[in-house]
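Visitor: fold the following for me, if possible:
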Amino acid sequence: MSTLLSKFNQLVIGPSGRARSNQQRLMRRLMRPAWLGTLRRTTPLSDYWGYDRGTPIDRYYIERFLDECRGDIRGRVLEVKNSDYTQRFGTGVMHSDVLDIDPANPHATIVVDLAAADCIPADTFDSIILTQTLQYIYRPNAAIAQACRILRPGGVLLMTVPGIIKMDPNFVGTDYWRFTADSCAALTGEVFGAKQIRVRTYGNVLTAIAFLTGLAHEELSPRELDSADPAYPVVIAVRAVKPDEKAARS
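Guide: The predicted model follows:
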């Protein structure tokens, strides 16, 4: 870009008609609008995150993260809303629980607000799968503290949160937050300890635009999906391990 600007400046101050002609051509090249194709629109292609076109782009990243952490989904596992990911990615699961604030959920074995889950005994779970949930909890720091408390020492929280995403029309009034890698590191680090967490972002400018407009991940190539740019986080994933003080002392 600096080379192009240097060339442009040379042409601007050039006295000859040829220089002015070159300047005009350069200006036209710089001002040429980008080809946006089907994305040049003010309404989305899908109002349902791409579910009506295939698999939403954020699900591609969430499932990739959980697949990489299969070994952590073991023993007694807690998942929010249903146990789909526990069944799909779990290895050595002995018992599966489902948490939901909604008592009408037939899959829920524990009905409680995670941010106020004092009724759950401490040191209960080996793994907690908390995907795309924290944005609906007004006190996310309290939810993370509860998750740490109910994990057994050495237990693992696998959490994903949205970075760049549209508002959820199904949760008007309770879709509170969007996150960054820094906020995730701060929220989980102050509870689990900075050395106990790993934060990773998924996405790039193309997948962020595609996700906002409602494209499905099947409409993008693996190369496009897997290119990572921390400046455009579609999904932020956190792996947090509860410290095992007894093991550390032994």
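Visitor: in what helix or strand does the nearest residue to H217 once chain neighbours are set aside lie?
Guide: Counting by CB to CB, 6 or more residues apart in numbering, H217 lies nearest to Y60, which is 4.0 Å off, once chain neighbours are set aside. Every C-beta, even on glycine, is put in place using the N, C-alpha and C of the backbone. If you go by DSSP states H and E, Y60 is part of helix 57-68.
Visitor: now do that helix: which elements does it pack against?
Guide: Packing partners of helix 57-68 (3 or more CB pairs under 8 Å, 6 or more residues apart in numbering; DSSP states H and E): helix 84-89, strand 125-131, strand 151-162, strand 197-202, helix 205-213, strand 235-241.
Visitor: pull out the buried positions in that helix.
Guide: By 16 or more other CB atoms under 10 Å, the buried positions in helix 57-68 come out as I57, D58, R59, Y60, Y61, I62, E63, F65, L66.
Visitor: I'd like those as JSON lines, with distance to V161 and pLDDT appended.
Guide: Below are the buried residues of helix 57-68 laid out as JSON lines (distance: CB to CB, whole Å; pLDDT from 0 to 100):
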{"residue": "I57", "distance to V161": "15", "pLDDT": "98"}
{"residue": "D58", "distance to V161": "10", "pLDDT": "98"}
{"residue": "R59", "distance to V161": "14", "pLDDT": "98"}
{"residue": "Y60", "distance to V161": "16", "pLDDT": "98"}
{"residue": "Y61", "distance to V161": "11", "pLDDT": "98"}
{"residue": "I62", "distance to V161": "10", "pLDDT": "98"}
{"residue": "E63", "distance to V161": "15", "pLDDT": "98"}
{"residue": "F65", "distance to V161": "11", "pLDDT": "98"}
{"residue": "L66", "distance to V161": "14", "pLDDT": "98"}
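Visitor: by mean pLDDT, point me to the weakest helix or strand of this protein.
Guide: Ranked by mean pLDDT, DSSP states H and E, the weakest helix or strand in the chain is helix 2-13, scoring a mean of 50.
Visitor: ok, P56 to A210 distance?
Guide: 10 Å (CB to CB, to the nearest Å).
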